[in-house]
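J.: pasting the structure only:
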Ligand SMILES: NC(=O)C1=CN([C@@H]2O[C@H](COP(=O)(O)OP(=O)(O)OC[C@H]3O[C@@H](n4cnc5c(N)ncnc54)[C@H](O)[C@@H]3O)[C@@H](O)[C@H]2O)C=CC1
Ligand SMILES: O=CC(=O)O
């Protein structure tokens, strides 16, 4: 990294205070009009920058990285998920990659819990009815949902967000079950009162609600495939605030439409921002435009993390949130 201020190219508009601090610390090129960068823009950016600050919607693939100039040494991602960055290509070119884990855990877990409540209790459907001015008043049998207290929650990916969801769901009286690449430390497992399932298939067959919190990697693409979705009981709900690619969206939509599953709460989609039009027509789903970490506080904390990662790296130290391909 050169001794002069590093040239930092930011691909999207960030909170004002974060941009101001970046301008003070670095030779920063901002994207003030927030227009998503085209492939050509991204190539231009990696050709010239010392540091690229992409967000999760910028595809930094091998083709883009093959155009990187000799100065590019750091990709400081604004976001936790790094499935949009070709980590192997970055490593090959000695480009360090960092992300912003931890600071959006609680916000994303809150949004997940909101979906776990909203779908079985028909929150969005009820709101739509009210707004349509067709509500005829309370009745004993009107718009009945399902109780979540006492139900089984299956968490796929028991990392930061998975554990934060477990804590919330426990407080709502759900029993906690999980499938993870690695079993939790026994003390943590006991604290969360969580039951580990080595077999994802067996866990799926027993759950009332299943929520996805593993990263999107080649190993987790369509982890919830048509075959696995068919293992769920017809009264089960699927929640996904991780990445759309982990669930076979077409299969899920088909099953929801046929009543083979009770409902779904989705914050993420396989081809964002496109959403399967058939999903949009279903009443038993709650669909959000990738809002998991969308709080003002969270975005500020993410920006702080990006700055700390760049500053530490530029000062010749290991950035705190270095991402290694071996983590996945
Ligand atoms: N909707 C939103 O706005 C947000 C979504 N996310 C997504 O949430 C994901 C998880 O974030 P964190 O909990 O912070 O990550 P984390 O790394 O703390 O947890 C991920 C867990 O998944 C497990 N895992 C990995 N591969 C697996 C596999 N094949 N099968 C089962 N478990 C597997 C890991 O062992 C780890 O315990 C991110 O990768 C990102 O895609 C993160 C933040 C906000
Ligand atoms: O989806 C959001 C992220 O930070 O990852």
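T.: Yes, it's here. None of the values given here were measured: they were computed from a predicted structure. Ligands and ions are numbered 1, 2, ... in the order given.

J.: tell me which element residue 252 is part of?
T.: Following DSSP states H and E, one finds residue 252 within helix 249-257.

J.: Quickly run through the sheet partners of the helix or strand following that helix, with directions.
T.: Downstream of helix 249-257, the first helix or strand assigned by DSSP H and E is strand 263-266. Using DSSP bridges, strand 263-266 pairs in its sheet with strand 237-240 (parallel), strand 285-287 (parallel).

J.: I'd like the ones you listed as TSV, with mean pLDDT and distance to residue 53 appended.
T.: Bear in mind the C-beta positions are built from the backbone N, C-alpha and C, glycine included. Formatted as TSV, the strands paired with strand 263-266 follow (pLDDT from 0 to 100; distance: least, CB to CB, whole Å):
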stretch	mean pLDDT	distance to residue 53
strand 237-240	99	27
strand 285-287	98	29
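
J.: Out of those, which gets nearest to ligand 1?
T.: strand 237-240 (8.6 Å; CB to the nearest ligand atom).

J.: where along this protein do the helices fall?
T.: Ranges of helices in the chain, per DSSP state H, are 16-25, 39-48, 62-65, 87-92, 105-118, 123-131, 160-171, 186-192, 200-206, 226-229, 249-257, 277-280, 296-314.

J.: Relative to residue 208, how far out is residue 126?
T.: Counting by CB to CB, to the nearest Å, the gap from residue 126 to residue 208 is 21 Å.

J.: So which of these two has more stuff around it?
T.: Per other CB atoms under 10 Å, whichever of residue 126 and residue 208 has more neighbours is residue 208, with 22 against 15.

J.: so what's that one closest to, chain neighbours aside?
T.: Excluding the flanking residues, the one nearest residue 208 by CB to CB, 6 or more residues apart in numbering is residue 151, at 3.9 Å.

J.: ok, residue 261 to residue 283 distance?
T.: Going from residue 261 to residue 283 by CB to CB gives 13 Å.

J.: Out of the strands paired with strand 263-266, which one sits most buried?
T.: Of these, the one with the most neighbours on average (mean count of other CB atoms under 10 Å) is strand 237-240, at a mean of 27.

J.: now that strand, how far from the chain's geometric center?
T.: How far strand 237-240 lies from its chain's middle: 13 Å, per CA atoms, centre = their mean, to the nearest Å.

J.: Numbering from 47 from now on, please.
T.: That works, and once the first residue is 47, the last one we named lands at strand 283-286.

J.: Can you pull out the residues in contact with that strand?
T.: Applying CB atoms under 8 Å, 6 or more residues apart in numbering, the contact partners of strand 283-286 are 158, 161-162, 165-166, 254-258, 270, 275, 278, 292-293, 298, 307-314.

J.: change it to 7 Å
T.: For strand 283-286, the external contacting residues (CB atoms under 7 Å, 6 or more residues apart in numbering) are 158, 161-162, 165-166, 255-258, 292-293, 298, 307-314.

J.: Can you pull the residues of the stretch 247-374 of the chain lying near ligand 2?
T.: Counting by CB under 6 Å from any ligand atom, the residues of the stretch 247-374 of the chain close to ligand 2 are 338, 339.
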